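Participant: Sequence plus the predicted model coming up.
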Amino acid sequence: QVQLVESGGGLVQAGDSLRLSCAASGRTFSTYAMGWFRQAPGKEREFVASISGSGIDTSYTDSVKGRFTISRDNAQNTVYLQMNSLKPEDTDVYYCRQYRPGGGNTYWGQGTQVTVSS
């Protein structure tokens, strides 16, 4: 069973930066794509960014392009989300997801709260 543990959330002011981390258990980390999602109370979980197993291919939702960067360190079984120029509308619980694009098992972390004050 894969376990994902997010960290790095917190309370910051608009314009500040945060780096989220998601550490994964298991020995097949590099064979999985990784994604970051976020969810506000009462709303659906939404896609933020993803990265391929090799780290070569990345994708972002439009609202974070140019501000957020996803990266991974396969030697450390960790994926990161560098968030710059944070806005109050980025306030959410952020979750990491491990999955294979072709289907199969998918795993979620427990989430980390990001709060951006204006």
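Facilitator: Arrived safely. Residues are numbered from 1 along each chain as shown.
Participant: Okay, and the beta partners of the most centrally placed residue in the chain?
Facilitator: The residue lying closest to the centre of the chain (Cα atoms, centre = their mean) is W36, at 2.7 Å. Beta-bridge partners for W36, by DSSP bridges, are A49, C96.
Participant: So which residues of this protein form strands?
Facilitator: Along the chain, counting by DSSP state E, strands occupy 4-7, 10-13, 18-24, 33-39, 46-51, 58-60, 68-73, 78-83, 92-99, 107-108, 112-117.
Participant: Would you format these as TSV with mean pLDDT included?
Facilitator: Formatted as TSV, the strands of the chain follow (pLDDT from 0 to 100):
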stretch	mean pLDDT
strand 4-7	96
strand 10-13	98
strand 18-24	98
strand 33-39	98
strand 46-51	98
strand 58-60	98
strand 68-73	98
strand 78-83	98
strand 92-99	97
strand 107-108	95
strand 112-117	98
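Participant: Enumerate the positions of stretch 69-76 that are buried.
Facilitator: 69-70, 72 (16 or more other Cβ atoms under 10 Å). All C-beta atoms are positioned from the backbone trio N, CA, C, and that covers glycine.
Participant: And stretch 86-98, by the same measure?
Facilitator: Applying 16+ other Cβ under 10 Å to stretch 86-98 flags 86, 90-98 as buried.
Participant: For D16, see how far away S52 is.
Facilitator: Per Cβ to Cβ, to the nearest Å, S52 is found 29 Å from D16.
Participant: Which of the buried residues of stretch 86-98 sits closest to D62?
Facilitator: D90 (13.4 Å; Cβ to Cβ).
Participant: what are the bridge partners for the residue nearest to that closest one when sequence neighbours are not counted, then?
Facilitator: The shortest distance from D90 to any non-neighbouring residue, by Cβ to Cβ, 6 or more residues apart in numbering, is to V116 (5.2 Å). Beta-bridge partners recorded for V116 (DSSP bridges): V12.
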